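**Q** next one to model:
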Amino acid sequence: MTGLPIEGIDHVAVLVEDIEAALPYYTETLGFSAIADDRVEAVGARLVMLQLGDSRLQLVTPIADGPIRDYLSAHGEGLHHIALKTAQIETVVNQLSPDVPVRVVRGGQQRLGGFLPFRPNNVLLEVIEDQANGEVSRQARNDG
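**A** As a prediction, the model looks like this:
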């Protein structure tokens, strides 16, 4: 499979118990700036997007019971996922997961995103639209 319209890495996400406790290290010590702070009820998470130069890091913490809280309980804090950006989210998820549907929902910064149902090299991958007005998939219209 070649020629997927993936433009690069959008962000790397770190799962934390407490965003308020984690923020000073990333902002004061490392120099990141917070550029968005979202509560996404659909996935039961608070997402704080940080930026330093062209690099973006997302802090994730659960705000409700669900898969993010379950993952944190089972694995603790650390790398949660890597998000790949695309302007053609439906095309990418359909090519990467042709046999298993990917739930695509509006998440942080009102962008569409969906997690792939498999973990290459044990890494959770998210496919996320490159901009807030990107393509809206049939699945997102139904779920989001």
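**Q** what's the closest non-adjacent residue to Gln51?
**A** The shortest distance from Gln51 to any non-neighbouring residue, by C-beta to C-beta, 6 or more residues apart in numbering, is to Ile35 (4.9 Å). Every C-beta, even on glycine, is put in place using the N, C-alpha and C of the backbone.
**Q** please, which helix or strand holds the one you found?
**A** Using DSSP states H and E, Ile35 maps to strand 33-40.
**Q** for the residue nearest to Gln51, give me its contacts.
**A** Ile35 is in contact with 49-51, 56, counting by C-beta atoms under 8 Å, 6 or more residues apart in numbering.
**Q** could you turn the buried ones of the residues you listed into a ChimeraX selection?
**A** Selection of buried members from the contacts of Ile35 for ChimeraX, criterion 16 or more other C-beta atoms under 10 Å:
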select :49,50,56
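**Q** thinking again about what came up before, list the buried residues of the strand holding Ile35.
**A** For strand 33-40, by 16+ other C-beta under 10 Å, it's 38, 40.
**Q** do stretch 84-94 as well
**A** Quick answer for stretch 84-94 (16+ other C-beta under 10 Å): 84-86, 88-90, 92-93.
**Q** looking at those, which are in helices?
**A** 89-90, 92-93 (DSSP state H).
**Q** quick one: which two of those residues are the most distant?
**A** With C-beta to C-beta as the measure, no two of these lie farther apart than Glu90 and Val92, at 7.4 Å.
**Q** reformat the buried residues of stretch 84-94 as TSV; add distance to Val104 and pLDDT.
**A** Output for these, formatted as TSV (distance: C-beta to C-beta, whole Å; pLDDT from 0 to 100):
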residue	distance to Val104	pLDDT
Leu84	13	97
Lys85	14	96
Thr86	11	96
Gln88	12	94
Ile89	6	94
Glu90	8	93
Val92	10	96
Val93	7	95
